[in-house]
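A.B. asks: The following comprises the amino acid sequence and a computationally predicted model.
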Amino acid sequence: MSGDSKSGKPGDAAAKIGGGTIPRARVETPGSATMPAQRMIKCFKCGADAREIARFCPRCHATLRYECPACKHEQRKGGSCEKCGIDFVKYIGAVVAAKRIEADQIHDRIERRTGIIKQVFLLPITGGYSLFKYFRNRSRS
C-alpha cells in the first residue's frame, strides 16, 4: 500500500475525497419511534394484551371481534348485533334450515331422475312392466 493512506472501510476513501463526509441514510427498525404505537385491548377471558385489530386472543384464542352475519358490522361482543339487532345464533339457524330445505329439494329431484333412468335401462329386461309399475306408484303418491 502507498505512503500515508490508512487502512479503513472501503467506503471511507470515497467519503474523504470531497473534503467532507457523505451523510449516511438512517435505517428504521420495526420498533423505532417513528412507527405509531398500536392500541391494545385486554382479553376478557384471560386478561392478556392483544392488538385492537386482532380477531382472536394470542394467548387463549378467545374471539375478540365478532362480525354480524346480516349487516357485516364488527363489534367486540357476540350474541346480537349492536347495529341491526339480529341474534347471531337464530340468524345462522334460520340460514342453515333454509339451506337444508333447498338441499332436500335438490336431492328429491335427483332421485326422481335416476329412478326414471333406471326404469328405462331395465325396459328390455322387464318388458315395460317395471316402468308401468313405476309410473302407477308415482301417480298414487
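C.D. replies: On my side now, so go ahead.

A.B. asks: Please count neighbours and contacts with C-alpha atoms only from this point.
C.D. replies: Will do.

A.B. asks: average pLDDT for stretch 47-61?
C.D. replies: For stretch 47-61, the mean per-residue pLDDT is 87.

A.B. asks: Stretch 87-100 too?
C.D. replies: Per-residue scores along stretch 87-100 average to 91.

A.B. asks: residues of it that come out buried?
C.D. replies: By neighbour count on 16 or more other CA atoms under 10 Å, the buried set for stretch 87-100 is 87-88.

A.B. asks: Likewise for stretch 118-137?
C.D. replies: Buried residues in stretch 118-137, counted by 16+ other CA under 10 Å: 119, 130-131.

A.B. asks: Just to be sure, which of these are found in helices?
C.D. replies: The members of the buried residues of stretch 118-137 that map onto helices under DSSP state H are 119, 130-131.

A.B. asks: Which is the succeeding secondary structure element to the worst-scoring helix or strand of the chain on mean pLDDT?
C.D. replies: Here the helix or strand of the chain ranked lowest by mean pLDDT, DSSP states H and E is helix 10-16, holding a mean of 51. As assigned by DSSP states H and E, the chain's next helix or strand after helix 10-16 is strand 40-42.

A.B. asks: I am finished for the moment; much appreciated.
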